[in-house]
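> Curious how this folds, go ahead:
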Amino acid sequence: MEDNLLNFHRWFPTVIGLNDCPFINEIKQEYKDYLNIKDDEPQGYQYHQLHKDERFKRLFDWQQEQVNVFTEAHSWQQMKPGESWYIDYQPYTNNHWHKHLGWAVSTVFILDADPMDSPTCFRSPLYGDAIYTRTQEEKKILNPIEIEEAERFNEFTYPTCEYKPLPGKLLIFKSSVEHMIDNKAPDLGPRVIFSTNYRSIK
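From the prediction side, this is the model:
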């Protein structure tokens, strides 16, 4: 068992679990070579059942431990992975706001990326609720934490949050939470993510 603890970020009416893989430097190039990922020839979306592939067992065992902590904190039943895939983003491609309906918990794992590339963003399910009034400036940007009026918000009312694409970063969230990644910068090297959906074992 890898010895590091899952963190919980409480944003709007949801929770994002996050942790940094302690062995990312040992697996990053190995996984890229196995998947034939080349920095100058991005593959785009690839439906590969990573969680069933023995080559990824170390990562998915560690990821399962983190998901277990997340579900136990919610007093939910234990979850198991049901599908997984990876995206080797091509320049200027993105992933619009979406949910993983039909699943309980989802994860995004950053295998490789430049921290200056587009972040992973999450949107409150109350984003369009009239009770949470926002200025025009706040509506133009995804992350209100970075502007002067952010003190008007708290952990229950932030409309959005975002996470830089740091290699080894694992994000865990309810599958019903909207999330997105904006356009891939063409001059910042690769951006490769693994994504997994989980459901109850019972």
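
> mind listing the helices for this structure?
For the chain, the helices defined by DSSP state H occupy 24-34, 57-73, 136-140.

> looking at these, which is closest to Asp88?
Closest to Asp88 of the helices of the chain, according to Cβ to Cβ: helix 24-34, at 8.9 Å. In this view, the C-beta of every residue, glycine as well, is placed from N, C-alpha and C.

> Against which helices or strands is the closest one packed?
If you count contacts as 3 or more Cβ pairs under 8 Å, 6 or more residues apart in numbering; DSSP states H and E, helix 24-34 packs onto helix 57-73, strand 105-112.

> And the longest one, what's buried?
Going by neighbour count (16 or more other Cβ atoms under 10 Å), the buried part of helix 57-73 is 59-60, 62-64, 66-67, 69-71.

> likewise the last one?
In terms of neighbour count (16+ other Cβ under 10 Å), strand 105-112 has its buried residues at 105-112.

> CSV for these, including pLDDT and distance to Asp20?
As requested, those are exported to CSV (pLDDT from 0 to 100; distance: Cβ to Cβ, whole Å):
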residue, pLDDT, distance to Asp20
Val105, 97, 19
Ser106, 98, 18
Thr107, 98, 14
Val108, 98, 13
Phe109, 98, 11
Ile110, 98, 10
Leu111, 98, 13
Asp112, 97, 14
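
> Who does Lys38 form a beta bridge with?
Glu41 (DSSP bridges).

> picking that back up, report the two of the buried residues of strand 105-112 separated the most.
Farthest pair in the buried residues of strand 105-112 (Cβ to Cβ) is Val105 and Asp112. Separation: 23.6 Å.

> Any idea which residue is closest to the centre of this protein?
With distances taken as Cα atoms, centre = their mean, the chain has Val108 as the residue nearest its mean C-alpha position (3.3 Å).

> hey, which helix or strand in this protein has the poorest pLDDT?
Least confident helix or strand of the chain, by mean pLDDT, DSSP states H and E, is helix 136-140 with a mean of 59.

> Out of the helices and strands packed on helix 24-34, which is closest to Leu171?
strand 105-112 (4.6 Å).

> Now do that closest one: distance to the chain's middle.
The chain centroid and the centroid of strand 105-112 are separated by 5 Å under Cα atoms, centre = their mean, to the nearest Å.

> Quick one: residues in contact with it.
21, 24, 28, 31-32, 37, 59, 63, 67, 70-71, 79, 86, 100, 120, 165-175, 179, 189-199 (Cβ atoms under 8 Å, 6 or more residues apart in numbering).

> Which residues are in contact with the closest residue to Ile110 other than its chain neighbours?
Spatially, and ignoring its direct neighbours in sequence, Ile110 is nearest to Lys169 (4.6 Å; Cβ to Cβ, 6 or more residues apart in numbering). Contacts for Lys169 (Cβ under 8 Å, 6+ apart) come out as 18-21, 109-110, 163.
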